[in-house]
Every structure is written in C-alpha cells, then in structure tokens.
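Engineer: turn this into a structure:
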Amino acid sequence: MILFLKFTFSLDEFVFWANVNVKNNVISSQNLNISRSMISRSGGEFTYQCEIDSKKHDDMDILRYLNFHKDLLFDCFTNERVSVRSELLKTTTNVSNSIYLTLYPIYFTIDFKQNSVVIYKFQKRQK
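Structural biologist: Numbers count the residues shown, from 1 in each chain. Next up is the predicted model:
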C-alpha cells in the first residue's frame, strides 16, 4: 500500500540524523537535523516506525512541522543504528565524563492522518 501511495502521489522522502554530546551528565550540545532527501530510495520498502499524535495546521509546511517535532522524531528513531563513544578524563583533583552519541542518517516518509502523522522508515531488502 505504501509503495502504491509513493508512486501514485509521489510522497516526500526525508532524512533525519542527530548528534548529542553529554558532559558530566548534562547535555552540552544537541543537533537534530531534518532535510528533504536529495535522492529517491530504491531497493527496499517503507515500514511502519511510529506515530506522532499531533495535527498539522494548514498554514504549516511539512518540513516546518517536522522541525517543530524533532524531539518526537528522535524518540521515534532511538532504536536505530547509533554510535556511542565515552571518554573518562581523570586528574589528581578532577574527573570528567563525556559521551558522544551519533544517530546515523535515517530515510523516512510520512503520512498525515486526521489527528496524527505516521512515520515510515526506509528499510533495505535483505539479500
């Protein structure tokens, strides 16, 4: 059904990726990024990922809506491929801990319902 909708109505595809840095248990920087995909994905299918319970207002474009809900998208994709690096710096008088989390780019599309938005993630076909 999603493939039918994709080719019939040319659904927009997007990319989401993130970097979060934590120093001494406090978020020191957070970059959650969303953009339109420059290429149309092939060789796979879109599978259900999550649903955001928030209605899109008519005067809001899609990218603005997604940027407004970045935190919910981050929660939606937290089980995806991530890289976590931890550093512990210890001196004679001080201990410092840093954690660097990178969420690799995830390609997805969306389907607006009456009071929510359904997120479908691109999944490569298994060989």
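Engineer: rest of the way, CA atoms for contacts and neighbours
Structural biologist: Fine.
Engineer: for the residue nearest to the spatial centre of the chain, give me its contacts.
Structural biologist: Most central residue of the chain, judged by C-alpha distance to the mean C-alpha position with Cα atoms, centre = their mean, is Phe16 at 3.9 Å. By Cα atoms under 8 Å, 6 or more residues apart in numbering, Phe16 lies in contact with 32-35, 105-108.
Engineer: quick one: what helix or strand has the nearest residue to it once chain neighbours are set aside in it?
Structural biologist: Distance criterion Cα to Cα, 6 or more residues apart in numbering; nearest residue to Phe16, sequence neighbours excluded, is Ile34 at 4.7 Å. For Ile34, the element it lies in under DSSP states H and E is strand 26-36.
Engineer: now that strand: mean pLDDT?
Structural biologist: Averaging pLDDT along strand 26-36 gives 94.
Engineer: avg pLDDT for the helix or strand following that strand?
Structural biologist: On the C-terminal side of strand 26-36, the nearest following helix or strand under DSSP H and E is strand 44-52. The pLDDT scores in strand 44-52 average 89.
Engineer: what about the strands in the protein?
Structural biologist: 13-23, 26-36, 44-52, 82-90, 95-112, 117-124 (DSSP state E).
Engineer: how about the shortest one: buried residues?
Structural biologist: For strand 117-124, the buried set under the neighbour-count rule, 16 or more other Cα atoms under 10 Å, comprises 117, 119-123.
Engineer: got the strands of the chain as TSV, with distance to Asp75 columns?
Structural biologist: Converted to TSV, these look like this (distance: least, Cα to Cα, whole Å):
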stretch	distance to Asp75
strand 13-23	11
strand 26-36	11
strand 44-52	9
strand 82-90	13
strand 95-112	11
strand 117-124	12
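Engineer: of the ones you listed, which is nearest Asp59?
Structural biologist: Go through the strands of the chain one by one with Cα to Cα and the one that ends up closest to Asp59 is strand 95-112, at 14.4 Å.
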